[in-house]
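Visitor: this one's sequence-less:
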């Protein structure tokens with residue numbers, strides 16, 4: 001159950017981050033990773049997708065006998 005609470009908090013944090021950016025008319029900065037510039041928006045979205053997949057997997061594993 002703690003995983004669901006962690007996921008809910010993370011989801012609300014991501015939503016608040018994106019709403020703040022949209023309301024303020026801001027653009028996320030580019031972050032240098034290796035020799036590439038990656039937008040912070042992409043990093044946050046990938047982290048959100050990865051955590052979503054992990055939560056779905058763990059909840060599915062808990063339901064199996």
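Guide: Right, received. Where do you want to start? The structure presented is a predicted model; accordingly, all values stated were derived computationally and were not measured.
Visitor: alpha carbons only for contacts and neighbour counts from here, please
Guide: Noted.
Visitor: which of the residues in stretch 29-41 are buried?
Guide: residue 41 (16 or more other Cα atoms under 10 Å).
Visitor: mean confidence score for that stretch?
Guide: The average pLDDT for stretch 29-41 rounds to 92.
Visitor: all strands in the protein, in order from the N-terminus.
Guide: Under the criterion DSSP state E, the chain contains strands at 30-33, 36-39.
Visitor: which stretch among those strands comes nearest residue 11?
Guide: Nearest of the strands of the chain to residue 11, taken as Cα to Cα: strand 36-39 at 19.3 Å.
Visitor: Pull up the pairing partners for the closest one, direction included.
Guide: According to DSSP bridges, strand 36-39 forms sheet pairs with strand 30-33 (antiparallel).
Visitor: So for the chain, which residue is the most central one in space?
Guide: residue 48 (2.3 Å; Cα atoms, centre = their mean).
Visitor: for the protein, which spans come out with low pLDDT?
Guide: Across the chain, the ranges flagged by pLDDT under 70 are 65.
Visitor: rerun that using 50 as the cut-off
Guide: For the chain, applying pLDDT under 50 flags no range at all.
Visitor: Just the helices from it, written as ranges.
Guide: Ranges of helices in the chain, per DSSP state H, are 2-24, 40-63.
Visitor: Need the contact partners of the longest one.
Guide: With contacts defined as Cα atoms under 8 Å, 6 or more residues apart in numbering, helix 40-63 is touched by 3-4, 7, 11, 14, 28-31.
Visitor: so how many other residues sit close to residue 5?
Guide: 10 (other Cα atoms under 10 Å).
Visitor: repeat for residue 51
Guide: 16.
Visitor: Check the one 3 residues further on too.
Guide: The number of residues packed around residue 54, counting by other Cα under 10 Å, is 14.
Visitor: sorry, back to before: next, find the distance separating the residue nearest to the centre of the chain from residue 4.
Guide: Distance of residue 48 to residue 4, given as Cα to Cα, to the nearest Å: 14 Å.
Visitor: Then residue 51?
Guide: Residue 51 is 11 Å from residue 4, by Cα to Cα.
Visitor: And for residue 53?
Guide: Residue 53 is 13 Å from residue 4, by Cα to Cα.
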